[in-house]
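S.K.: quick one, fold the following:
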Amino acid sequence: MLTLEEVMEPYSHIRLATKSDNDAILNFYKDIHMQTGTESLSFDRGDNFFEFYERKGNHYWSFVFLNDDETICGVGTIIRQIRHVDGEFRPVAYFCDLRVSPVGGRRAKVQWRKLFKDIIEALPNLSEELRCEMSYTAILSDNERAIKSLTKNGRGFNYRHIDNYHVYSVVCPPVFNPARGRVQKINFKKFNDFYRSENSNLELREQITDEKDNKYFGVFDGAKLCAVFMITDKSLGRRYKLYNMQAPKRLLTKLVQLMGRPGVSNGILQTLEVLYLSFERSLSNEAKKEMIMSILKYFSLNKTMNDFHICNLYTGQEKFNFSYFIDGIIVESTGHMFEIHGDTTGPLWPVRKFRFEGSVL
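M.R.: Residues are numbered from 1 along each chain as shown. Take a look at the predicted model:
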């Protein structure tokens, strides 16, 4: 049966990473950033680069790009996941965390363009426990350099744009919040039943398992359950790190510090991730926004955000309009979802609504 190791044999300057590469990868990774407009973003991976990929038990392949002297000049990872696509749960490949040095590594970059095509073609033909029927990736809209360089078609593989997704980062919840939704803890069964039923029409939904570090919440309108979400105490294995922080954001960090929340050290942001946020599908956009404001009101009353700089909410294709004067300081980020397929295989992913769990990808 075909393996990725066999696929990579002809390529002298790219290989699969091993645990022994951990320190060298971390050394390289800390100096390579994603451009997001005037600022740049990276992830602080602590002392274990691979922890983020290992936490859910998925199989993954991390690659290292090599200079002629075998020092690292690039990294990238594919995570194998089980996701609902076109009517059934399938094994899919999520391409992520590609970082390549802007200097050096010429041979590795040339080889990667050829190897990438070989990998896309090989993934469906691996052994049953490793094969991936579809490949996809997500790229922040502000990362124009990556979009331009990665999505050029006609090289034996194609980036097919599905749609945009939205992320909302709450810096300061509103001081006065009249939201009426009631938030309370619920058990895993109630959470999972709601998640499955209200997301049954969405691509990329998961089969969620209960874990001891997870806390499940419901948002109620009277006795009616209208939304659910999860928070985990388990480390996700990475933290956001901002470079070239612009003056307005520096001012915001001082403001939240005055409110009793932690100061920003070395650009590293402590984030509260609201996971698997799901709404009753019949709710209007305005009613869904009311559920979000109810969550923020609950966080304020329970001081949930006291140890964090921001709170991230992932809403897939659902876009919301927040007002700084009414809803607090909430910053929107958008990104693009792409299916990646070969010239011969063709696309699999139907162009319709999807879930995007950005904090666990």
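S.K.: do I have it right that Arg155 meets Lys117?
M.R.: Yes: Arg155 is within contact range of Lys117, at 6.5 Å (criterion: C-beta atoms under 8 Å). (C-beta placed from N, C-alpha, C; glycine too.)
S.K.: show me the beta-bridge partners of Ala138.
M.R.: Met337 (DSSP bridges).
S.K.: use 201 as the first number for this chain going forward.
M.R.: Okay, using 201 as the starting number, the last item reads as Ala338.
S.K.: report the contact partners of Ser478.
M.R.: Listed by C-beta atoms under 8 Å, 6 or more residues apart in numbering, the contact set of Ser478 reads Phe394, Tyr395, Glu398, Asn399, Ala427, Val428, Phe429.
S.K.: do Phe520 as well
M.R.: His366, Tyr368, Asn485, Lys488, Lys489, Ile492, Glu532.
S.K.: likewise for Asp421?
M.R.: Asp421 neighbours (C-beta under 8 Å, 6+ apart): Arg380, Gly381, Arg382.
S.K.: strands - which of the residues you listed land there?
M.R.: Arg382 (DSSP state E).
S.K.: need the contacts of Asp421 in a markdown table (columns: neighbour count, distance to Ile232 and pLDDT).
M.R.: Compiled in a markdown table, the contacts of Asp421 are given as follows (neighbours: other C-beta atoms under 10 Å; distance: C-beta to C-beta, whole Å; pLDDT from 0 to 100):
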| residue | neighbour count | distance to Ile232 | pLDDT |
| --- | --- | --- | --- |
| Arg380 | 12 | 46 | 94 |
| Gly381 | 20 | 42 | 97 |
| Arg382 | 15 | 45 | 97 |
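S.K.: what's the spacing between Asn248 and Lys219?
M.R.: Going from Asn248 to Lys219 by C-beta to C-beta, to the nearest Å gives 9 Å.
S.K.: please enumerate the helices of this structure.
M.R.: For the chain, helices defined by DSSP state H occupy the ranges 204-208, 222-229, 251-254, 306-322, 344-350, 388-398, 447-458, 485-501, 524-527.
S.K.: ranking the ones you listed by mean pLDDT, which is last?
M.R.: Mean pLDDT is lowest for helix 447-458 out of those, coming in at a mean of 65.
S.K.: how is this structure partitioned into domains?
M.R.: Here the domain assignment for the chain is 204-362+537-545+555-560, 367-535, based on automatic domain parsing.
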